[in-house]
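Participant: Take this sequence and fold it.
(2 chains)
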Amino acid sequence: MESSESGTLNGQRTEGNSGRAGGGAISVGQRVDRVSDTAQEAWSRTRETVSEIKERLDIDGRVRRNPYGTMAAALGIGYVLGGGFFSPLTARLFRLGLRLGIRLAAIPFLENEIRGFAEAAVAGSDGQEGDGEVASSGEGKRSQQKGTKGGKR
Amino acid sequence: MEMTEQFEKTARELEDRIRPQIEEAKKKVSDLNERAVGYIKENPGKCLLGAIAAGYIIGRIASR
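Facilitator: Residues are numbered from 1 along each chain as shown, chains lettered A, B, ... in the order given. Model prediction:
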């Protein structure tokens, strides 16, 4: 059991120990160095990428400019990631928001309509009063004319 | 007339009694807001991660 395991390290054959280390063979130390180099390179690349993304997204700046908005956006992202997007709560919130939005949008329209009605009503009552005066004066004239006509007869 | 004066007096007294409490509450809310904003600005990453985690938990609860 030990003899079969002695020549391997993590499933790989250690050529250096077996005495077959030639020109093309790589020792364990070299492999470890290579792996650590690769890991370091990957780590530095990841850090560069992360810092680049940070610069591009300007997260710090966004948070400084609008802290509550950024927090709300993060909360929303988490909510979507948590699978809450297609849920009854979202549907209810969406319906509530829609209703509120429609009401808020309808208020100026209704205000204009009511103002128009009120102005029309005021103008109509003024007109009726004017017409009433005109009509009464016309009737007076007519009666006067009738009287004169009757008098003549 | 007397009733109106009495009503005005009561309203004024009520206002005098409530106004300091409202002012204090306003000050407290403003102070809390400033502290929250300051904390968020000092620790943006932590706050963002916390908000995402909170949203995730809420989303998980809502999806059930």
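Participant: Report pLDDT for the closest residue to B:I58 other than its chain neighbours.
Facilitator: Computed as CB to CB, 6 or more residues apart in numbering or on different chains, the closest residue to B:I58 that is not its neighbour in sequence is A:Y79, at 5.6 Å. (C-beta placed from N, C-alpha, C; glycine too.) On pLDDT, A:Y79 comes in at 94.
Participant: got the contact list for A:Y79?
Facilitator: Shown in contact with A:Y79 (CB atoms under 8 Å, 6 or more residues apart in numbering or on different chains): A:F85, B:G55, B:Y56, B:I58, B:G59, B:A62.
Participant: how about these in CSV, adding secondary structure, distance to B:R12 and neighbour count?
Facilitator: Shown next, in CSV, are these (DSSP: H, G, I helix; E, B strand; the rest coil; distance: CB to CB, whole Å; neighbours: other CB atoms under 10 Å in any protein chain shown):
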residue, secondary structure, distance to B:R12, neighbour count
A:F85, coil, 53, 14
B:G55, helix, 48, 23
B:Y56, helix, 52, 19
B:I58, helix, 46, 16
B:G59, helix, 51, 23
B:A62, helix, 49, 19
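Participant: now, which of those residues sits nearest A:R64?
Facilitator: In terms of CB to CB, no member of the contacts of A:Y79 lies closer to A:R64 than B:G55, at 21.1 Å.
Participant: Surely that closest one touches A:A73?
Facilitator: No - the pair B:G55 and A:A73 does not pass the contact test of CB atoms under 8 Å, sitting 9.5 Å apart.
Participant: before we move on, the earlier item: for the contacts of A:Y79, give me TSV that also has distance to A:A120 and pLDDT.
Facilitator: Output for the contacts of A:Y79, formatted as TSV (distance: CB to CB, whole Å; pLDDT from 0 to 100):
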residue	distance to A:A120	pLDDT
A:F85	48	90
B:G55	51	95
B:Y56	56	95
B:I58	51	94
B:G59	52	94
B:A62	50	91
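Participant: and which of those residues is nearest A:E41?
Facilitator: Of the contacts of A:Y79, the one sitting nearest to A:E41 (CB to CB) turns out to be B:Y56, at 32.5 Å.
Participant: Mind giving me the packing neighbours of the helix or strand containing B:D31?
Facilitator: Element membership for B:D31 (DSSP states H and E) is helix B:2-42. If contacts are counted by 3 or more CB pairs under 8 Å, 6 or more residues apart in numbering or on different chains; DSSP states H and E, helix B:2-42 sits against helix A:59-65, helix A:67-81.
Participant: and the shortest one, which residues are buried?
Facilitator: What that stands for is helix A:59-65. A:I59, A:V63 (16 or more other CB atoms under 10 Å in any protein chain shown).
Participant: What of the longest one?
Facilitator: Applying a neighbour-count criterion of 16+ other CB under 10 Å, one finds A:P67, A:T70, A:M71, A:A73, A:A74, A:L75, A:G76, A:I77, A:G78, A:Y79 buried in helix A:67-81.
Participant: How about stretch A:82-94?
Facilitator: A:G82, A:G84, A:S87, A:T90.
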